[in-house]
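Chemist: heads up, no residue letters with this:
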């Protein structure tokens, strides 16, 4: 039951960020669906992959590919979907605790939590870059192949 609540919250939270970023209509629903899929995939991968950074990396690839594909289908910038669909993965809790440890003077705990936060952020960034480049390469290849025929 907890997973269903988390996935629903991811959808609603992503929907709220979509409003904040002024996304409307079908684009808003697709962006919120992307956020829900991101969190659902993250939870499902938790059953087979223990390391969170690896899960973040895989989900970032899938979410960014989703965003790139729907951006081309809907004819809108990919950032419309990419930014919003990755919102559930922002490591806000880890960042909060990093800063709390730093301000509390627990520098050993701060260093550990800050490194963990950077690890998650790097995994997200690398997944986004890899997926963006890959999807663009594939679409360029398809366009080039269509041009020859």
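Modeler: Here it is on my side, so go on. From a predicted model like this one, the values you see are computed outputs, not experimental measurements.
Chemist: my guess is residue 76 meets residue 25, correct?
Modeler: No - with contact defined as CB atoms under 8 Å, residue 76 does not count as touching residue 25 (10.6 Å). For every residue, glycine as well, the C-beta is placed using N, CA and C.
Chemist: which one's more surrounded, the two?
Modeler: Between residue 76 and residue 25, counted using other CB atoms under 10 Å, the more crowded position is residue 76 (17 against 8).
Chemist: skip the chain neighbours and tell me the closest residue to the more buried one.
Modeler: Nearest non-adjacent residue to residue 76, counting by CB to CB, 6 or more residues apart in numbering: residue 27, 6.0 Å away.
Chemist: any idea which element the one you found lies in?
Modeler: Residue 27 belongs to helix 25-45 when elements are defined using DSSP states H and E.
Chemist: from residue 85, how far out is the residue nearest to residue 76?
Modeler: Relative to residue 85, residue 27 is positioned 11 Å away (CB to CB, to the nearest Å).
Chemist: same check on residue 23?
Modeler: Here residue 23 is placed at a distance of 11 Å from residue 85 (CB to CB).
Chemist: which helices and strands does whichever strand or helix holds residue 141 pack with?
Modeler: Assigning secondary structure by DSSP H and E places residue 141 in helix 107-148. Here helix 107-148 touches helix 52-74, helix 92-104, going by 3 or more CB pairs under 8 Å, 6 or more residues apart in numbering; DSSP states H and E.
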